[in-house]
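fold the stuff below for me.
(chains A and B)
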Amino acid sequence: MGTPLIELVNVSKSFSGVQVLFGVNFKVQPREIHCLVGENGAGKSTLMKILSGVYPYGEYEGEIKLEGYPVKFFSIRDSEKAGISIIHQELSLVPEMTVYENIFLGNEIKKGSVIDVFEEIEKARELLSKVKGENINPTSRVKDLSVSMQQLVEIAKALSKDPKVLILDEPTSALSETESKNLLLLLKELKQQGVTIILISHRLKEVLKVADSITVLRDGRTVAYFDCKSEKVEEKKIIKHMVGREITNLYPLPITKPSEEIVMEIKNWSAVDPKTGRYLVRDVNIHVKKGEIVGLFGLVGAGRTELGLSLFGNPYSYIVSGEIILEGKKVKFKTPEDAIKHGMLYLTEDRKEKGLILINTMRENISLSNLKALAKGLTVDKAKEIAIAQDFQKKLNIKARNVEVKVSTLSGGTQQKVLVAKALFTEPEIIILDEPTRGIDIGAKYEIYMLMRQLASEGKAILLISSELPEVLGMSDRIYVMSKGRITGELKVEDANQENVMVYAVS
Amino acid sequence: MKEFIQHLKSFLKEHVRDYAMFIALLMIMAVFATLSGGEFLSPVNISNLVDQTGYIAVLAIGETLIIVIRHIDLSVGFLSGFLGAIAAILMQFHHFSALTAIVIVLVLGTLAGLLNGSLVAYLKIPAFVVTLAGWLAYRGALLLATRGPGTIIISNKSFNAIGNGFIPDIPIFQSFLQGYHKLTLLLGVLGVILVIYFSFKTRAQQINRGFDVLPWDIFIMEILFIITLLLYITFTLAAHRGISWTFAIVLIVTFIYSFITNRTVLGRHIYAVGGNPEAAALSGISVEKITLIVFASMGFLSGLSGILFASRLQSATTTAGTLFELYAIAGAYIGGVSAAGGVGKVVNSLVGAFVMTTLTNGMNLLGVDISLQYIILGIVLASAVIFDVATRSKGR
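Numbers count the residues shown, from 1 in each chain, chains lettered A, B, ... in the order given. Model prediction:
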């Protein structure tokens, strides 16, 4: 092996006294796809932020070597000049600005002292076609694009700097399977064109498909390095290193069997987007039994989230029609509050934006969904509030110092548990979980799954919306598959496998 | 014809927000014109109106950028009053020339803006608090500066011309177009030619590069609309005494700020910082630097506003600048800036400022009771923002 293109030597980093990286070593060969994996909080993003100059030289210990020579990056600009471009986990686009303005933000093309708009639009078009985004209009506003399109804009933006190294931090976590597949194909193509790629991902199957080499981080330390060309690497092996223990079965088995009693039945349910007149959900007929976990699988854009939201009091004012029957009685929800009163709960896929108030404490977040239950006259019974929060902390095994910690300081998986606790506090009978394990690490996932099993055994009916096929297959008693707003298939879990579910999903 | 109506409909649907301000302003003017029996639209009054708007308009332009980057500046009113008093003191008591006094005041304004900006950008103190402190301090400073005489009368003629004088006329062709200010007409016609030239040039470039363009009929209609407006203003002003120095200054400031916001890197970075500060920072833009620049520009414009107001009154008074900041902020909001950041055009805020003074001027002319005037201004501000929110959630 020759000189690595990038080498990080003995890198350590602390945030206000808390050390997160402990002498990490990391190297990437030129023209390869290198995958960086590890649980949440392992320090992957921090490491990449050091490499890309977000945390400037002096704020960390250790050394960055580029083609064998030590370098110091004092800003993002410096690393970009050295040919390193990063796409962050949270999309860093300006929604109100157009696609071409975003692509060239910070790198504007000028003619004299004035921005050359025409040139920018033309170049943007070229870059977009390079990332297979020909159908994106460079003059559209970013806020009008879908998440996957925005992702392509981000990549086009990174490529506009003509990088030698492209770092992608969890680029597929918000994408559907097909979209992810396309993205990975794109990365392979970029590699062919001579770009070195560092990919951070939770999706190990994807990682194994594209990686030339893999580094595993755990708790701020490098614990393993695999060269995929010289050895066969298995998912289990990586997981073992990631968590430091072997997870024999990622999906816990059901505790009890679902009963035959139907809790919720949906008849001829449709939802129309009032802006475009397009059907988001069309003629859906589904039911959920007591103690049952029903998977709802579909690719992004299939209408899964829209179905969940339109049932849950329809907060986005779609035009809906059809019937909701709860325990034999026809009901109508005008608002989510109505739905909660009737024992239904929807857990959002977007926990940071819509689910939690990050600057508030865990206690305040949990109690917010049902403050009325804590009312003591006109005030909130704080003692009771604390007791309940502590109860949930114990029950859900929420890793936090106490219930008074700010939610923003917790990891993704822990935040998700707080969100679940908040949901459970309303004492729902029917729980709609929308992507409950998105972006959280394997250990936390397992605990969420355990919790689902436990809830089902207590007789709750669970509708699990997910775009992760193994999760749906591993957790559901029964599976509905959605495509283009319609239910295209219903399967018992015994009869379901990746292939036949996917056939319905793309139909 | 059918095709034209269809084009017009889709155009209005897409651009209702861009033109709503102009249409609203024209409607308000039409109402006042009718109620006042034409007096409102008389050349003298229009000229007056334009000069009255000047010192608010420059502040509204500055506030637009401040609000675009998600801040607010409450200090600008009394800062402008205080700086006006400084100009008066320099000229009256220390015999500075008008030019020196103006330069000093503009520099002081910029420094004051830099102070606000650095507190907001680097110490991360909320702009509301920083500038509220400024509001109090400059108010005190103004009282201090005018403590002796109370009102400082300015006797410098060239200084006073800024708020009351007009650009010179071309001395030749005395008999030609008598009663009209010929340089004003010339500039107006020049403006029309430039508008036509650049509209066609841009359109040709767009077609050349294969971009979507407006249909011909709508394109022509849009140009005709702008030209008509331009010519109307030109002739009205020319029929009085031409373009005033105040109006000339406002036009130049508007032009420069429009150019910066629309065409330069700095402008784009300002909108990026307002639209998503994290994304801007990750794109290598210094949010602190942009904040500092925007506040400094606000300070500079406060100085300019102080000069315009002091010269208009030909004096510095103890109450100069009172409520200016709120009128400017109202103008910016009427012009459609978004408090959420990243959205707002300089030209629209100028129109917003004109809406404010048009209402005041018109109601004064009609003898509307002052208490009612405030209520109406409040309703107009609220309606403008409601309209803005309503059209924003729809469409786009």
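
tally of neighbours for the residue of the stretch 101-250 of chain B found nearest chain A?
Per CB to the nearest CB, residue B:209 is where the stretch 101-250 of chain B lies closest to chain A, at 5.6 Å. C-beta here means a position set from N, CA and C on the backbone, and glycine is covered the same way. Using other CB atoms under 10 Å in any protein chain shown, residue B:209 has 12 other residues around it.

which positions in stretch B:115-127 come out as buried?
B:115-121, B:127 (16 or more other CB atoms under 10 Å in any protein chain shown).

what comes up buried for whichever strand or helix holds residue A:269?
Using DSSP states H and E, residue A:269 sits within strand A:262-272. Of the residues in strand A:262-272, A:262-266, A:269-272 count as buried by neighbour count, 16+ other CB under 10 Å.

with distance to chain B added, can I get these in JSON lines?
Listed next are the buried residues of strand A:262-272 as JSON lines, based on distance: CB to the nearest CB, whole Å:
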{"residue": "A:262", "distance to chain B": "38"}
{"residue": "A:263", "distance to chain B": "36"}
{"residue": "A:264", "distance to chain B": "32"}
{"residue": "A:265", "distance to chain B": "34"}
{"residue": "A:266", "distance to chain B": "29"}
{"residue": "A:269", "distance to chain B": "25"}
{"residue": "A:270", "distance to chain B": "23"}
{"residue": "A:271", "distance to chain B": "19"}
{"residue": "A:272", "distance to chain B": "16"}
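
what does the pLDDT read for the residue at the greatest distance from the centre of chain A?
Relative to the C-alpha centroid of chain A, counting by CA atoms, centre = their mean, residue A:112 is the outermost residue, at 42.8 Å. Looking at residue A:112, its pLDDT stands at 87.

contact partners for it?
If a contact means CB atoms under 8 Å, 6 or more residues apart in numbering or on different chains, then residue A:112 has no contacts.

give the next helix or strand downstream of the strand holding residue A:269.
Immediately after strand A:262-272, counting by DSSP H and E, sits strand A:279-289.

so where do the helices sit in the stretch 101-250 of chain A?
A:117-130, A:147-159, A:177-192, A:204-210, A:235-243 (DSSP state H, counting those that start in this stretch).

with just CA atoms, put the third one into CSV.
Only the C-alpha atoms of helix A:177-192 are listed here, as CSV (Å, rounded to 0.1, in the frame of the first residue of the first chain):
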residue,chain,number,x,y,z
GLU,A,177,-34.2,2.3,-0.6
THR,A,178,-34.3,3.2,-4.3
GLU,A,179,-33.0,6.7,-3.7
SER,A,180,-30.2,5.3,-1.5
LYS,A,181,-29.3,2.8,-4.2
ASN,A,182,-29.1,5.5,-6.8
LEU,A,183,-26.9,7.6,-4.5
LEU,A,184,-24.5,4.7,-3.9
LEU,A,185,-24.3,4.1,-7.6
LEU,A,186,-23.4,7.8,-8.0
LEU,A,187,-20.7,7.5,-5.4
LYS,A,188,-19.2,4.6,-7.3
GLU,A,189,-19.2,6.6,-10.4
LEU,A,190,-17.5,9.5,-8.7
LYS,A,191,-14.9,7.1,-7.5
GLN,A,192,-14.3,6.0,-11.1
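
and that helix, what does it pack against?
Counting contacts by 3 or more CB pairs under 8 Å, 6 or more residues apart in numbering or on different chains; DSSP states H and E, helix A:177-192 is packed against strand A:33-37, helix A:147-159, strand A:196-200, helix A:204-210.

and the end-to-end length of stretch A:107-119?
13 Å (CA to CA, to the nearest Å).

quick one: low-confidence ranges for the stretch 51-200 of chain A?
A:173-174 (pLDDT under 70).

one more pass at 80, please.
A:89-91, A:147, A:172-178 (pLDDT under 80).

and if you look at the stretch 101-250 of chain B?
By pLDDT under 80, the low-scoring segments of the stretch 101-250 of chain B are B:148-149, B:170-179, B:209-212.
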